[in-house]
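J.: Quick one, fold the following:
(one chain, ligands or ions: 1)
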Amino acid sequence: MRPADRTPALVSRLPQVGTTIFTVMSALATEHQAVNLGQGFPDFACDPRLLDAVDAAMRAGHNQYPPMPGVPALRQAMADKVRALYGLEIDANTEITVTAGATQAILTAILAVVHPGDEVIVLEPCYDSYVPNIELAGGVVVRVPLTPGTFRPNFDAISAAITPRTRAILINSPHNPSGMVWSEAEMRRLEEILAPTDVLLISDEVYEHMVFDGQQHQSAARFPGLAGRAFIVSSFGKTYHVTGWKIGTVVAPAPLMAEFRKVHQFNVFTVNTPMQHALAAYMADPAPYLQLSDFYAAKRDRFRAGLAKTRFRLLPSQGTYFQCVDISTLAVPERDLPEADFCQWLTREIGVAAIPLSAFYGDGFDQKVVRFCFAKKDETLDEGIRRLARL
Ligand SMILES: Cc1ncc(COP(=O)(O)O)c(C=O)c1O
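T.: Predicted structure coming up:
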């Protein structure tokens with residue numbers, strides 16, 4: 001036994017933070033053998049060619065530290081992709097760094113640019129790491145809601161939130177949790193608003209290859225006024241069905257990247273070598289990421305067709321692998337529960353895990369909407385739908 005009185009008491013750096021809702025719901029799903037449509041990860045395998053490439057990289061001896069910013073071949077492959085898809089020329093030596101997933105990229109970018117007391121704008125609902133990241137840097141979180149109902153950006157509110165103390169704004173398109181995708185006009189509007197300011201942009205684009213119905217992903221890389229001030233964050237985990245590998249990239253103009261790397265080198269220093277070589281080789285074929293939108297659109301359509309037979313009201317899903325539903329139209333009395341309690345009930349009693357949208361708001365704003373993840377095998381989706389059909 002460890003004598004408890006020997007452990008000094010701490011004042012928490014993050015007093016508001018507990019276990020994330022994703023961990024809580026996944027544990028509950030396991031306990032109740034529920035179909036886990038909560039946490040956002042695929043339940044199917046990645047392309048075996050990618051596994052072969054990792055094996056080959058390890059056997060070829062790529063097992064020691066790579067260069068601090070990442071394996072050159074992978075940085076070059078990403079630079080080529082950014083040019084081909086978004087028309088932005090970047091220097092693979094000075095303007096891109098390989099990170100331990102998007103999560104580390106976002107934290108490192110924030111630690112690199114936010115000084116204590118600086119304001120950082122987040123658009124709620126937002127991914128759960130943003131706010132604690134800003135708090136760790138000593139920044140002041142400025143929350144601007146996306147428009148309730150549509151989740152579209154409210155530019156009057158964004159403009160009003162910008163002050164001389166604003167250091168950065170974080171945006172995310174395609175958007176988790178809502179599945180909303182920023183239009184070209186919306187990106188241009190942001191470009192106009194930021195033009196007279198020195199506000200930096202952190203653009204979380206981890207779902208960039210999941211955009212449906214003929215729309216295009218509007219990367220910040222396409223807009224010179226945004227790209228010139230942006231950290232643009234991507235994730236191989238989302239794109240290649242390997243969320244557990246935790247590898248991503250960040251693209252930024254050289255002066256911003258120089259500051260990013262100062263933090264990165266003492267944060268993780270480098271990211272594992274064989275996966276980087278494997279990803280570089282695998283990226284020679286663009287088909288896997290070019291076909292991803294069609295792959296997920298088919299899953300979205302299958303899932304929506306099933307849900308259409310229930311009393312859930314379906315919200316649009318323009319991108320990502322998430323489908324949100326309004327629970328207030330259900331016939332069961334549990335529809336009146338707070339979203340989080342509803343999700344617990346759904347997991348326990350109906351056997352399907354979902355995530356409450358209130359978890360993505362600082363004040364727990366409850367709009368009777370929950371999020372399902374459809375990055376699942378067809379049989380998993382079908383079983384989820386079979387169980388939800390009771391509602
Ligand atoms: C919006 C958003 N940003 C970042 C991440 C984290 O990505 P990674 O696993 O590459 O760290 C996620 C994962 O769910 C996400 O949804």
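J.: Could you list the single helix or strand in the protein with the lowest mean pLDDT?
T.: Scoring the helices and strands of the chain by mean pLDDT, DSSP states H and E places helix 21-31 at the bottom, with a mean of 90.
J.: Not counting its neighbours along the chain, what's nearest residue 390?
T.: Spatial nearest neighbour of residue 390, excluding adjacent residues (CB to CB, 6 or more residues apart in numbering): residue 350 at 6.4 Å. Every residue, glycine included, has its C-beta placed from N, CA and C.
J.: The one you found - how many residues pack around it?
T.: A count of nearby residues for residue 350, using other CB atoms under 10 Å, gives 20.
J.: I'd assumed residue 385 was in contact with it.
T.: No: the pair residue 350 / residue 385 is not scored as a contact, 11.4 Å apart, by CB atoms under 8 Å.
J.: thinking again about what came up before, which secondary structure elements does the least confident helix or strand of the chain contact?
T.: strand 35-36, helix 339-345, strand 352-353, strand 355-356 (3 or more CB pairs under 8 Å, 6 or more residues apart in numbering; DSSP states H and E).
J.: In JSON lines, list the ones you listed along with distance to residue 277 and mean pLDDT.
T.: Shown next, in JSON lines, are the helices and strands packed on helix 21-31 (distance: least, CB to CB, whole Å; pLDDT from 0 to 100):
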{"stretch": "strand 35-36", "distance to residue 277": "32", "mean pLDDT": "96"}
{"stretch": "helix 339-345", "distance to residue 277": "40", "mean pLDDT": "96"}
{"stretch": "strand 352-353", "distance to residue 277": "36", "mean pLDDT": "96"}
{"stretch": "strand 355-356", "distance to residue 277": "35", "mean pLDDT": "96"}
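J.: for those, which one sits closest to the ligand?
T.: Ranking the helices and strands packed on helix 21-31 by proximity to the ligand (CB to the nearest ligand atom) places strand 355-356 first, at 10.7 Å.
J.: Please list all residues in contact with residue 22.
T.: Contacts for residue 22 were tallied using CB atoms under 8 Å, 6 or more residues apart in numbering; they are 38, 39, 40, 128, 355.
J.: who's in contact with the helix or strand where residue 234 lies?
T.: Following DSSP states H and E, one finds residue 234 within strand 230-235. The contact list for strand 230-235 (CB under 8 Å, 6+ apart) reads 78, 101-102, 105-106, 109, 200-206, 208, 219-221, 247-252, 256, 260.
J.: who does it pair up with?
T.: strand 200-204 (parallel), strand 248-251 (antiparallel) (DSSP bridges).
J.: Packing partners of the helix or strand that the shortest one is followed by?
T.: Beyond strand 248-251 on the C-terminal side, the first helix or strand identified by DSSP H and E is helix 254-267. Using 3+ CB pairs under 8 Å, 6+ apart as the contact definition, the elements that helix 254-267 packs against are strand 96-99, helix 101-113.
J.: The same query, at a cut-off of 10 Å, please.
T.: Applying 3 or more CB pairs under 10 Å, 6 or more residues apart in numbering; DSSP states H and E, we find helix 254-267 packed against strand 96-99, helix 101-113, strand 230-235, strand 248-251.
J.: Would you convert these into CSV that also reports distance to the ligand and mean neighbour count?
T.: Conversion of these to CSV gives the following (distance: least, CB to the nearest ligand atom, whole Å; neighbours: other CB atoms under 10 Å):
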stretch, distance to the ligand, mean neighbour count
strand 96-99, 8, 27
helix 101-113, 3, 24
strand 230-235, 3, 27
strand 248-251, 4, 28
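J.: got the ones you listed as CSV, with distance to residue 283 and mean pLDDT columns?
T.: Below are the helices and strands packed on helix 254-267 laid out as CSV (distance: least, CB to CB, whole Å; pLDDT from 0 to 100):
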stretch, distance to residue 283, mean pLDDT
strand 96-99, 12, 98
helix 101-113, 17, 98
strand 230-235, 12, 98
strand 248-251, 11, 98
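J.: Switch the ones you listed over to a markdown table; also include distance to residue 329.
T.: What follows is the helices and strands packed on helix 254-267, written out as a markdown table (distance: least, CB to CB, whole Å):
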| stretch | distance to residue 329 |
| --- | --- |
| strand 96-99 | 41 |
| helix 101-113 | 34 |
| strand 230-235 | 34 |
| strand 248-251 | 37 |
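J.: The closest residue to residue 359 other than its chain neighbours - how many residues pack around it?
T.: Leaving out its chain neighbours, the residue that sits closest to residue 359 by CB to CB, 6+ apart is residue 21, at 4.0 Å. A count of neighbours around residue 21, defined by other CB under 10 Å, yields 18.
J.: follow-up on the earlier one: same for the helix or strand just after the strand holding residue 234, what does it pack against?
T.: Moving toward the C-terminus from strand 230-235, the next helix or strand (DSSP H and E) is helix 236-239. Packing partners of helix 236-239 (3+ CB pairs under 10 Å, 6+ apart): helix 101-113, strand 248-251, helix 273-282, helix 287-290.
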